[in-house]
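> Need coordinates for the below:
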Amino acid sequence: MQYIRGEGKPTHEEQGDDCPFCYAPGCSDEDGLVIARGDTVYAILNLYPYNSGHLMVCPYRHIADYTEMNPAEVAELGEFTQRAMTVLRAVSNAQGFNIGMNQGSAAGAGIAAHLHQHVVPRWGGDTNFMPVIGGTKTMPQLLEDTRSMLAQAWGDSLA
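I've put the predicted structure just below:
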């Protein structure tokens, strides 16, 4: 609940180690939960997933708004989003997706200063009483295991 309420949460306004989307690419893929790296964007697991396999596609550049992206970034973000959908379908039989960006804190962006697009796999009946009654969501797999599985499938999809 502290994360959801934003209690003590940094704004990540500045580029650098304070911003998790600037910090993660400097880590090993395993430590940063990075699934795949491109020239201008990368795919990373969400540390606070809405569903198993919830990942994000982020530009390396610390920019806040979609209109700040250059054509190469826009193209690669689209390619990575398509690849993410293909990989998630292959690995987990995802039946649908929520894909989108929250632009600005007023629109719900948790880290508004660094653009990121969510790719959330969905399945029929994937929500139950736990989020409503228990105030939590159960995840059937550790993030490290999900990252490893998706990274392997991402590489296989290039072959």
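
> Verify the assumption that residue 44 is located in a strand.
Yes. Under DSSP: H, G, I helix; E, B strand; the rest coil, residue 44 falls within a strand.

> hang on, it packs against residue 59?
No. Using Cβ atoms under 8 Å, residue 44 is not in contact with residue 59; the gap is 11.6 Å. Just so you know, the C-beta spots here come from the backbone N, C-alpha and C atoms, and that holds for glycine as well.

> And the helix or strand hosting residue 88, what's buried?
Assigning secondary structure by DSSP states H and E places residue 88 in helix 71-92. Neighbour counts over helix 71-92 (16 or more other Cβ atoms under 10 Å) mark 73, 76, 77, 80, 81, 83, 84, 85, 87, 88, 91, 92 as buried.

> now stretch 57-67
For stretch 57-67, by 16+ other Cβ under 10 Å, it's 57, 58, 59, 60, 61, 62, 63, 64.

> Contacts for that stretch, please.
14-15, 19, 21-22, 25, 40-44, 69, 73, 77, 80-81, 84, 101, 103-104, 112-117, 119 (Cβ atoms under 8 Å, 6 or more residues apart in numbering).
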